[in-house]
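Colleague: no letters, just coordinates:
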């Protein structure tokens, strides 16, 4: 009887220790950074793209995930018609597979559809929800 | 004697497992987002309020807590005398029970008392401390 | 034999509980805040320094670590030639031992070396990497 209890304890304890190791594993995955852009100022936009490039150059593509979440006055950066930095965006996509997210609420407010956005955009979702959820999953947040 | 030790172990183990579940529970509670506003630009202020509304519309009032922490040049947003967005603040309070926090250090610097602030303000505390503490408790941070 | 197993269990359990307490200890250590500055606007720069001072005055030097990470258009704040707030920086260093970090990528882009920076600068590293790593270690992030 005691032996059974001890066996049970060992099982429970293993589960408990596994839970702790799980947390450790997470911290050993790739670095994850969400960048938040809502500025229509080309200097700020160019700065954000430079920041992303610098980060990949320092850390290495295989060790890093960056997602740029764009909304409000920043959205023209991701439109075919108005983006003044389309070549830079294409280069970041090719070289590092940076994720580009356009805010679906801003699109609605500005009367834009997916076809109005540059091809490199990966998803259209509410920006605030995305910024919240990625931080909940442990991504670092940077506002360039 | 062994039986007592086993009982003790079970108690200790339960406490340990409870600690782990506690962490899990937290991540299943409502989403929590602290928004940081220190701009006197009405466009930025209006954008912040729109961001909060969008978030509640997407996630639902029962699943979300948003606190807007206002200081520095942003504080006039929360004063009776100077707020140009008082109706929007009142609507966010009524519809979603958004929390509004005014910086007590800024109030002192600008010679303001609680009576100078709109009724919807929930607390007056040092903004930096609040931004730090909420993040320490796991709240996501967004600077609109 | 059972006694040995029980002893083993107690050891394992202690390790497990120690792991949990380790997490608790971290949250009882000093508060840690990384401030992100990339603005050349003296109002924003002065605001950031005031925010840091307010935080130390509220929380107390022994309970708080603040690091100011400066890059891009903000870097002149930390140069001997262009800083308009050198006395304030020196005072924050003396009174609270605030950490000042200058972005090495920005320095290269602007043709600056360590000798061009004020003495209070503690390190020159890529700003984005630093902002990411400190958040990964649990530091709160504030963009003044």
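Modeller: That came through fine. Quick caveat, the model's predicted, so the values are computed rather than measured. Numbers count the residues shown, from 1 in each chain, chains lettered A, B, ... in the order given.
Colleague: identify the residues contacting residue A:58.
Modeller: With contact taken as C-beta atoms under 8 Å, 6 or more residues apart in numbering or on different chains, residue A:58 is in contact with C:126, C:128, C:129. No exception for glycine: its C-beta is placed from N, CA and C like everyone else's.
Colleague: report how many residues lie close to the second one.
Modeller: What that stands for is residue C:128. Here the number of neighbours of residue C:128 (other C-beta atoms under 10 Å in any protein chain shown) works out to 29.
Colleague: chain neighbours aside, what residue packs nearest to it?
Modeller: Setting aside the residues directly before and after it, residue C:128 is nearest to residue A:55 in space (C-beta to C-beta, 6 or more residues apart in numbering or on different chains), at 4.3 Å.
Colleague: quick check, the one you found in a helix?
Modeller: Yes - applying DSSP: H, G, I helix; E, B strand; the rest coil, one finds residue A:55 inside a helix.
Colleague: residues in contact with residue A:62?
Modeller: The contact partners of residue A:62, by C-beta under 8 Å, 6+ apart, come to residue A:30.
Colleague: should've said residue A:65
Modeller: Applying C-beta under 8 Å, 6+ apart to residue A:65 gives the contacts A:30, A:31, A:32, A:33, A:99.
Colleague: got a markdown table for those residues, with neighbour count and pLDDT too?
Modeller: Shown next, in a markdown table, are these (neighbours: other C-beta atoms under 10 Å in any protein chain shown; pLDDT from 0 to 100):
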| residue | neighbour count | pLDDT |
| --- | --- | --- |
| A:30 | 12 | 97 |
| A:31 | 18 | 98 |
| A:32 | 17 | 98 |
| A:33 | 25 | 98 |
| A:99 | 18 | 98 |
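Colleague: surely the residue nearest to residue C:128 touches residue A:64?
Modeller: Yes - with contact defined as C-beta atoms under 8 Å, residue A:55 counts as touching residue A:64 (6.4 Å).
Colleague: neighbour count winner among the two?
Modeller: residue A:55 (25 against 20).
Colleague: and the pLDDT for the closest residue to residue A:49 other than its chain neighbours?
Modeller: Nearest residue to residue A:49, sequence neighbours excluded (C-beta to C-beta, 6+ apart): residue A:88, at 5.1 Å. Turning to residue A:88, the model gives it a pLDDT of 98.
Colleague: what helix or strand is residue A:65 on?
Modeller: strand A:64-70 (DSSP states H and E).
Colleague: just want the angle from the next helix or strand after that strand to strand A:64-70.
Modeller: Where DSSP H and E defines the elements, the next helix or strand beyond strand A:64-70 is helix A:86-96. Between helix A:86-96 and strand A:64-70, the angle comes out at 150 degrees (axes from the mean of the first three to the mean of the last three C-alpha atoms, to 10 degrees).
Colleague: output the contacts of residue A:58 as TSV; include the columns secondary structure and pLDDT.
Modeller: Formatted as TSV, these follow (DSSP: H, G, I helix; E, B strand; the rest coil; pLDDT from 0 to 100):
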residue	secondary structure	pLDDT
C:126	coil	98
C:128	helix	98
C:129	helix	98
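Colleague: mind telling me which residue of chain A is nearest chain B?
Modeller: Taking C-beta to the nearest C-beta, chain B has its nearest neighbour within chain A at residue A:135, 3.9 Å off.
Colleague: the contacts of residue A:65 in helices, which ones?
Modeller: Nothing among those maps onto helices, per DSSP state H.
Colleague: nearest to residue B:79 among the residues you listed?
Modeller: Nearest to residue B:79, judged by C-beta to C-beta, of these is residue A:33 at 36.4 Å.
Colleague: ok, the closest one to residue A:54 distance?
Modeller: Per C-beta to C-beta, to the nearest Å, residue A:33 is found 11 Å from residue A:54.
Colleague: so which bits of stretch A:124-138 are buried?
Modeller: The neighbour-count check on stretch A:124-138 (16 or more other C-beta atoms under 10 Å in any protein chain shown) flags A:124, A:125, A:126, A:127, A:128, A:129, A:130, A:131, A:132, A:133, A:134, A:135 as buried.
Colleague: which residues touch that stretch?
Modeller: Residues contacting stretch A:124-138 (C-beta under 8 Å, 6+ apart): A:26, A:32, A:34, A:36, A:38, A:67, A:69-72, A:101-107, A:114, A:117, A:141, B:27, B:31, B:33, B:51-52, B:54-55, B:58-59, B:140-142.
Colleague: what's the closest non-adjacent residue to the residue nearest the centre of chain A?
Modeller: Centroid check for chain A by C-alpha atoms, centre = their mean gives residue A:67 as the closest residue, at 3.0 Å. Spatial nearest neighbour of residue A:67, excluding adjacent residues (C-beta to C-beta, 6+ apart): residue A:99 at 3.9 Å.
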